[in-house]
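>>> Dropping the sequence and predicted coords here.
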Amino acid sequence: MKAVGASNPVILIDGRSGAGKSSLAARIVAAWPLRGRVQLVGLDSIYPGWDGLADGVETARELILNPHARGLVGVWQRWDWEASAYAEAHAVDPSLPLVIEGSGILTPVTARLSDVRVWLDSPAASRKRRALDRDGETYRPHWTRWAEQEERHLTRDEPATHATHVLAVP
């Protein structure tokens, strides 16, 4: 990737479920070339349930990306999937680099609040296999429901058109 001039860059990683967003984000954080901590936020910790893709993205924009862009500390609450309720709060330091990964994160609005934007493209069969291998029977009954929300995101936001990098994942 081309060098980014900001000391606290924001990287957004989007793609459909099972495309490899979490794996790529972890690799980026592990290989970060500068000293210091890199903050990683996975939208799986923010989406408020199986119907919450759009709400989770809006929460990330409002409580994490906007404050980070203004040099303010952002605070978000983790969604407890078992309790179906918000849990502990987490702070995001605006002086540190930030990686946010999750389906739906790359929109026309969030693109303006980021420095590097990645879209991961992967065939449906591969994505489904990876997602169900990862999450098993917990996810299986929700696969179609979640995919429909992703389709709405693709139609409405055209995330690949806002990406600085489009990667094909087999």
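Thanks, I have it.

>>> Please count neighbours and contacts with C-alpha atoms only from this point.
Fine.

>>> Which parts of this protein are strands?
Using DSSP state E, the strands of the chain run over 10-15, 39-42, 74-80, 85-92, 98-101, 116-121, 165-168.

>>> Contacts made by the fifth one with the rest, please.
By C-alpha atoms under 8 Å, 6 or more residues apart in numbering, the surrounding residues in contact with strand 98-101 are 8-14, 21-22, 25, 29, 38-43.

>>> got TSV for the strands of the chain, with distance to A54 too?
Below are the strands of the chain laid out as TSV (distance: least, C-alpha to C-alpha, whole Å):
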stretch	distance to A54
strand 10-15	13
strand 39-42	14
strand 74-80	14
strand 85-92	16
strand 98-101	14
strand 116-121	17
strand 165-168	22
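
>>> Please name whichever of those is nearest to P67.
Distance to P67, taken as C-alpha to C-alpha, is lowest for strand 74-80 among these, at 5.3 Å.

>>> Can you list the helices and strands that the closest one packs against?
Where contact means 3 or more C-alpha pairs under 8 Å, 6 or more residues apart in numbering; DSSP states H and E, strand 74-80 is packed against strand 85-92.

>>> Same list (the strands of the chain) but as JSON lines, adding distance to P33, mean neighbour count and mean pLDDT.
Formatted as JSON lines, the strands of the chain follow (distance: least, C-alpha to C-alpha, whole Å; neighbours: other C-alpha atoms under 10 Å; pLDDT from 0 to 100):
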{"stretch": "strand 10-15", "distance to P33": "14", "mean neighbour count": "25", "mean pLDDT": "98"}
{"stretch": "strand 39-42", "distance to P33": "14", "mean neighbour count": "18", "mean pLDDT": "98"}
{"stretch": "strand 74-80", "distance to P33": "24", "mean neighbour count": "18", "mean pLDDT": "98"}
{"stretch": "strand 85-92", "distance to P33": "20", "mean neighbour count": "14", "mean pLDDT": "98"}
{"stretch": "strand 98-101", "distance to P33": "14", "mean neighbour count": "24", "mean pLDDT": "98"}
{"stretch": "strand 116-121", "distance to P33": "15", "mean neighbour count": "22", "mean pLDDT": "98"}
{"stretch": "strand 165-168", "distance to P33": "19", "mean neighbour count": "14", "mean pLDDT": "97"}
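
>>> and Q149, which of those is closest to it?
Closest to Q149 of these is strand 10-15 (C-alpha to C-alpha; 12.3 Å).

>>> angle of that closest one against strand 116-121?
If you take axes from the mean of the first three to the mean of the last three C-alpha atoms, to 10 degrees, strand 10-15 sits at 10 degrees to strand 116-121.

>>> And the contacts of strand 10-15?
By C-alpha under 8 Å, 6+ apart, strand 10-15 touches 21, 25, 97-106, 113-121, 159.
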